[in-house]
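Participant: need coordinates for the below:
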Amino acid sequence: MSSILITGASGFIGSFLVEEGLKQNFEVYAGVRKSSSHGYLQDKRIHFLEFDFSTREKVLATLEECKRNNLRFQYIVHNAGLTKAQKKEDFYNVNCRNTIHFIEALIESDMVPEKFLFISSLAAYGPGDPHSGEPVRNIHEPKPIELYGKSKLEAERYITSLKNFPWLIVRPTGVYGPKEKDYFVFFQTINRGMEPYIGFRKQVLTFIYVRDLVRLIYLALASAHVNKAWFVSDGNEYPSELFAAITKKALGKKTIRFTVPLFVVKAIATIGERVAGLWGAIPTLNTDKYNVLSSTNWRCEVEPLERDFGFKAEYDLEKGVHETLEWYKKEKWL
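Facilitator: Now for the predicted structure:
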């Protein structure tokens, strides 16, 4: 039985990775922090390993303990990371520096797996050209527009600089599904009868349902590919109005639609960031968030997914949103 270590296992994507690993009869090791909740990790077949990635030495100690117990991992999916942070430096420390600590410890302890898959993000490359509408492609120069994306890009650059290290990288666009909390805020807003838009320019969005992303990751691990990266979406493009329309239909809601001009959003973001900065914090609406909200082209290439894996998403946005909302209702989130 092949073994797989999944870091960030207690979170949204991580818990689905664990679930799929068990379905595929892997010996699944869930890498978690000491403070992590095990709420989504109740299967008794799961093995837990506590990791502290803040220093190479701490990671090394955990890996050496694994070696003493004759434990090695054929595959590692490094999913641990931050999408939101209280302080700007937290993005770099967690998403980049901790990744470096992890890989350095794997190399030093002679625990390098057959494949190490890093979950990055489309944010590492930033949005596509707003004028041409061309999708973001691997051949393009990365131009991240937010600290999260910049930290993911720095981690990618470290990983791809390594020699004789079997890395894979996936860069999903917006990931949604049961348990997810960021898009959930949008669903809550629609459920309350409000339909807000930022600015008057048309925005093209892309998505990937969490189960499709997880399926793609296991296809990549099972493939012959190594030292290669892919963008991941369901292959469709969605105007922001369609996202709202699909959600309204699924919830059976009518809404009041309103648009907040970009200059108003930018002013609020700038002022809020300056005030919060006095305490070293980052407000929810900040200049990074403004850059994301004001970008109009979030297309990315998906042809390599079909060419390399024969991958086609099983969920379009309508099917995925319906299943997601049913879960929220069942769990009484909505």
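
Participant: with adjacent residues omitted, what lies nearest to residue 176?
Facilitator: Excluding its sequence neighbours, the residue lying closest to residue 176 (CB to CB, 6 or more residues apart in numbering) is residue 183, at 4.6 Å. From N, CA and C alone the C-beta is placed, and that goes for glycine too.

Participant: now the helix or strand where that neighbour lies - C-alpha only, CSV.
Facilitator: Assessed by DSSP states H and E, residue 183 sits inside helix 182-191. In CSV, the C-alpha atoms belonging to helix 182-191 read as follows (Å, rounded to 0.1, in the frame of the first residue of the first chain):
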residue,chain,number,x,y,z
ASP,A,182,-14.7,32.7,1.4
TYR,A,183,-17.2,32.1,-1.4
PHE,A,184,-19.6,31.2,1.4
VAL,A,185,-19.8,34.9,2.3
PHE,A,186,-21.0,35.6,-1.2
PHE,A,187,-23.6,32.8,-0.9
GLN,A,188,-24.7,34.4,2.4
THR,A,189,-25.1,37.8,0.8
ILE,A,190,-27.3,36.4,-2.0
ASN,A,191,-29.3,34.5,0.6
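
Participant: against which helices or strands is that helix packed?
Facilitator: The helices and strands touching helix 182-191, judged by 3 or more CB pairs under 8 Å, 6 or more residues apart in numbering; DSSP states H and E, are helix 240-251, helix 317-330.

Participant: around the residue nearest to residue 176, how many other residues sit close by?
Facilitator: Per other CB atoms under 10 Å, the neighbour tally for residue 183 reads 17.

Participant: helices of the stretch 51-200 of the chain, start to end?
Facilitator: Per DSSP state H, counting those that start in this stretch, the stretch 51-200 of the chain carries helices over the ranges 56-68, 88-91, 98-108, 147-161, 182-191.

Participant: what does the last one contact?
Facilitator: Defining contact as CB atoms under 8 Å, 6 or more residues apart in numbering, one finds that helix 182-191 is touched by 83, 174, 176, 195-196, 243-244, 247-248, 251, 253, 255, 324-325, 328, 333-334.

Participant: how about the second one?
Facilitator: Outside helix 88-91, the residues that touch it by CB under 8 Å, 6+ apart are 82, 85, 147, 148, 150, 151, 282.

Participant: including neighbour count and distance to residue 73, could those residues go into CSV?
Facilitator: Formatted as CSV, the contacts of helix 88-91 follow (neighbours: other CB atoms under 10 Å; distance: CB to CB, whole Å):
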residue, neighbour count, distance to residue 73
82, 18, 23
85, 18, 28
147, 21, 30
148, 22, 27
150, 21, 29
151, 29, 25
282, 21, 34
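
Participant: among those, which has the minimum pLDDT value?
Facilitator: Among the contacts of helix 88-91, residue 282 carries the weakest pLDDT, at 77.

Participant: got a list of what that residue touches?
Facilitator: 84, 85, 86, 87, 88, 273, 276, 288.

Participant: now list the buried members of the contacts of helix 182-191.
Facilitator: Buried subset of the contacts of helix 182-191 (neighbour count, 16 or more other CB atoms under 10 Å): 83, 174, 176, 195, 243-244, 247-248, 251, 255, 324-325, 328.

Participant: what about stretch 44-59, distance to the chain center?
Facilitator: Computed by CA atoms, centre = their mean, to the nearest Å, the chain-centroid distance of stretch 44-59 equals 20 Å.

Participant: send the alpha carbons of that stretch over as CSV?
Facilitator: C-alpha atoms of stretch 44-59 as CSV (Å, rounded to 0.1, in the frame of the first residue of the first chain):
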residue,chain,number,x,y,z
LYS,A,44,-10.2,5.9,11.9
ARG,A,45,-7.9,4.9,9.1
ILE,A,46,-6.2,8.3,9.1
HIS,A,47,-2.8,8.6,10.7
PHE,A,48,-2.0,12.0,12.2
LEU,A,49,1.4,13.7,12.2
GLU,A,50,2.0,17.1,13.9
PHE,A,51,4.2,19.5,12.0
ASP,A,52,5.7,22.8,12.9
PHE,A,53,7.2,24.3,9.7
SER,A,54,8.4,27.5,11.3
THR,A,55,12.0,26.2,11.3
ARG,A,56,13.9,23.6,9.4
GLU,A,57,15.1,22.0,12.7
LYS,A,58,11.5,21.4,13.9
VAL,A,59,10.5,19.8,10.6
